[in-house]
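> no sequence for this one, just the structure:
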C-alpha cells in the first residue's frame, strides 16, 4: 500500500519514474476513457494536478464564474447525455457553493459527478485552511461520497463514480481529491468502465401491461426523468400514435413525446392546465415511464391516492423512492429497454381510446395555441414575444429555465419536439436558466437554444454570460422583468392578501449587462417594439454572439 505523505509538494522531474503518471493525470485519462467531453470548473489550488492533466487533454475545460453555475452546467450536461456531467471545484467555500447543483441532480435524478479538491491528507482533522467533512456535508444528498486516500485507486474511483451516477436511479456522486494524494505517481493503467444494468420486461410484465391496457377504456402514459434516448422517445411516440393512446409529460420534462404528436396531451405539474390535472383522476390506468407519481405530479400527495386505482410504474429504481399512491405493477427497467419490449405488444384498434385521446389532445392544442403576433398598445408582453418567437424556431429548438412564474410561458407555448428539448430544475431551484443554456449551446452548437429567465432568477447566475462569451455559447436569453419574485408574491397574495412583503425588486439594465459581457442586448418597454427586438437578437446570434432581450413587463400578468 502506498504511504500517505504530508509533503504535498510535487516531485522534481528527475525523481519521477518515466513509466508513471500522477494520480491527478490518471483521473483525467479515466474521464477521457469514459467519454467525458467537457468539465465545468472553478479552479482551486487544491486540485492543481488535475487541472494540469486537463492542459493537453481532449476534454474541454469550461472555466465558470461561480461554483453554483459550474454545478448547474454539469447537471444540465448530464440531462442531455447518457453519461454523467462533470464539475470540479475546490474545498470548503467552493464545495458549499456547488451544493445547489447537487440538490438539483438528486431531485431530478440526473447523473453527475462532482470532484472536490481537499486539504492534504496529513492536515486532516486539524482545522486546516478550508477544511470540511465532505461525507458529513454530502452523504444525504448524493448517491455516493468517495475520497481518494490511496493514489493507486485513482482510475478505479473514477470508474466507480461514473457507474454509481448512472446505475439504478441516476443521481449525483461526489469525489474528494486530497491535494497531496493526487500528486503522487502511480502506474497509469486505467480501470475499465463498469456496465450499467438496464433491466427489462419479463414475459409476465408484457402480459400484465397488455391485459391492463385491454381492460382500460381511458389509459394514460406519463413520461419523465432524464434516462431516455431519442430513439426510444421516437419509438414510444410512434407506438402511442398507432394505438391512439395519450401521453402526458412530467413537470419540466416536455419533449419525450413530441409537442406536435396527436398523442401528446400536455404537462403535469405545478401550474398545470386544469384538463391535465383532471386526467390523473379520470384515467383508469396510469403507466409511468422513467418516473414515479411523486409530490409535484400528485399535487402534494393529494391526487391519485385511492388504492383501488391502477398505476403501473416503470423505473430502474426498485425502491420506488419518491413514489406516492397505489402500485398495481412495478417493472424494473430503464425507459429504452421498456420501450424496446413495449413496441412488440400488438393491440387491436379501440374507438374509445381514440375518442379519449382526441378529446385530451384537443384541449392541449387549444391551450398551446399562440396569442396574436400583432403587438398591443402599452407595456411589453411575454405573449407577444412568444407569438413572434415560436414560428421562427427550428424543429430541434431547446428551452432552458429555472424557477418562477415566467417559466409557464415555456410550459404553455414552447414546441418541445424531441427528447431533452426542455432543461429545467424540477427541484424549483432558481439560477439554473443561464448555466443550463450555456451547457446546451456548447453541447449542441448547431441548435437554437432559448432561455427564459425571471429578473430575480437571472441575477443569481447571470454573471455566467461571461462564460458564454469566452467559449462561444450563443443562447437567446429572454429576461422577463416584472420587478418582483412573482411566484412568492402569488403565494403571498393567496395567504396574506394586500400585505406585499419581501418580494419586490429594483433591477439594473440587463441589456447593458449583456453588452458589457460581450453579447447583444436590447431593452424593450413597449409592446410595439417586441418584434423588431426579437429579429435583432436572432440576427446577433447568427453573428455568433449570445443575445439578451430585457423585457419590462407589468406585474401580475401570467401565462395562465
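Received the coordinates, thanks. Quick caveat, the model's predicted, so the values are computed rather than measured.
> pass me the low-pLDDT residue ranges in the stretch 51-200 of the chain, would you?
For the stretch 51-200 of the chain, applying pLDDT under 70 flags no range at all.
> helices of that one, start to end?
67-80, 93-108, 134-138, 154-166 (DSSP state H, counting those that start in this stretch).
> try the stretch 351-500 of the chain
Using DSSP H, counting those that start in this stretch, helices in the stretch 351-500 of the chain cover 351-368, 382-389, 408-413, 433-443, 455-461, 465-471, 486-495.
> now do the shortest one: everything it contacts.
Residues external to helix 408-413 that are found in contact with it (Cβ atoms under 8 Å, 6 or more residues apart in numbering): 252, 254, 267, 271, 273, 367-368, 370, 382-383, 386, 390, 399, 401, 422, 452, 480, 558-560. No exception for glycine: its C-beta is placed from N, CA and C like everyone else's.
> only the buried subset of those, as a PyMOL command please.
In PyMOL syntax, the buried subset of the contacts of helix 408-413 is picked out as below (16 or more other Cβ atoms under 10 Å):
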select buried, resi 252+254+267+271+273+367+368+382+383+386+390+399+401+422+452+480+559
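> any regions of the stretch 251-400 of the chain where pLDDT drops low?
Filtered on pLDDT under 70, the stretch 251-400 of the chain yields the residue ranges 271.
> what's the end-to-end length of stretch 99-115?
Chord length of stretch 99-115, first to last residue, is 12 Å (Cα to Cα, to the nearest Å).
> tell me the spacing between residue 357 and residue 452.
29 Å (Cβ to Cβ, to the nearest Å).
> swap in residue 262?
Counting by Cβ to Cβ - residue 262 and residue 452 are separated by 27 Å.
> need the helices of the stretch 351-500 of the chain in JSON lines (columns: distance to residue 342).
Below are the helices of the stretch 351-500 of the chain laid out as JSON lines (distance: least, Cβ to Cβ, whole Å):
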{"stretch": "helix 351-368", "distance to residue 342": "15"}
{"stretch": "helix 382-389", "distance to residue 342": "34"}
{"stretch": "helix 408-413", "distance to residue 342": "27"}
{"stretch": "helix 433-443", "distance to residue 342": "29"}
{"stretch": "helix 455-461", "distance to residue 342": "38"}
{"stretch": "helix 465-471", "distance to residue 342": "40"}
{"stretch": "helix 486-495", "distance to residue 342": "37"}
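> what's the most buried one of those helices?
Comparing these by mean neighbour count (mean count of other Cβ atoms under 10 Å), helix 433-443 ranks first with a mean of 30.
> tell me what angle it forms with helix 67-80.
Angle, helix 433-443 to helix 67-80, by axes from the mean of the first three to the mean of the last three Cα atoms, to 10 degrees: 50 degrees.
> name the residues of stretch 254-267 that are buried.
So stretch 254-267, judged by 16+ other Cβ under 10 Å, has buried residues 254-259, 261-267.
> got it, and stretch 267-278?
267, 268, 269, 270, 271, 272, 273, 275, 276, 277.
> now swap in stretch 115-127 and tell me
115, 116, 117, 118, 119, 120, 121, 123, 124.
> what about the residue lying closest to the last one once chain neighbours are set aside, distance to residue 123?
Right, the one you point to is residue 124. Spatial nearest neighbour of residue 124, chain neighbours left out: residue 131 (7.4 Å); criterion: Cβ to Cβ, 6 or more residues apart in numbering. The gap separating residue 131 from residue 123 is 7 Å, by Cβ to Cβ.
> same deal with residue 104?
With Cβ to Cβ as the criterion, residue 104 and residue 123 are 31 Å apart.
> residue 150 now?
From residue 150 over to residue 123 (counting by Cβ to Cβ), the distance is 17 Å.
> could you do residue 342 as well?
Taken as Cβ to Cβ, the span from residue 342 to residue 123 is 55 Å.
> and residue 392, by the same measure?
Distance, residue 392 to residue 123, using Cβ to Cβ: 57 Å.
> equivalent analysis for residue 447, please.
Distance from residue 447 to residue 123, by Cβ to Cβ: 46 Å.
> residue 537: what's it in contact with?
Residue 537 neighbours (Cβ under 8 Å, 6+ apart): 476, 520, 522, 547, 548, 549.
> just to be sure, the last one is in a strand?
Going back to what we said before, that points to residue 549. Yes - according to DSSP: H, G, I helix; E, B strand; the rest coil, residue 549 belongs to a strand.
> right, and it touches residue 480 too?
No - taking Cβ atoms under 8 Å as the definition, residue 549 is not a contact partner of residue 480, at 9.3 Å.
> ok, so of the buried residues of stretch 254-267, who is nearest residue 156?
residue 256 (34.8 Å; Cβ to Cβ).
> assign a three-state SS to the closest one, would you?
coil.
> how about it, what does it touch?
223, 224, 228, 233, 236, 247, 249, 290, 419.
> so the third one, which of the three states?
Put plainly, it is residue 228. coil.
> so who does it touch?
Contacts of residue 228 by Cβ under 8 Å, 6+ apart are 256, 290, 335, 336, 419, 420.
> report pLDDT for it.
pLDDT for residue 228: 95.
> and if you look at the one 4 residues further on?
Model confidence at residue 232, expressed as pLDDT, equals 97.
> separation between it and residue 242?
16 Å.
> what's the answer for residue 75, then?
35 Å.
> JSON lines for the buried residues of stretch 267-278, including secondary structure and distance to residue 308?
Shown next, in JSON lines, are the buried residues of stretch 267-278 (DSSP: H, G, I helix; E, B strand; the rest coil; distance: Cβ to Cβ, whole Å):
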{"residue": "267", "secondary structure": "strand", "distance to residue 308": "26"}
{"residue": "268", "secondary structure": "strand", "distance to residue 308": "21"}
{"residue": "269", "secondary structure": "coil", "distance to residue 308": "25"}
{"residue": "270", "secondary structure": "coil", "distance to residue 308": "27"}
{"residue": "271", "secondary structure": "coil", "distance to residue 308": "29"}
{"residue": "272", "secondary structure": "coil", "distance to residue 308": "24"}
{"residue": "273", "secondary structure": "coil", "distance to residue 308": "27"}
{"residue": "275", "secondary structure": "helix", "distance to residue 308": "23"}
{"residue": "276", "secondary structure": "helix", "distance to residue 308": "22"}
{"residue": "277", "secondary structure": "helix", "distance to residue 308": "20"}
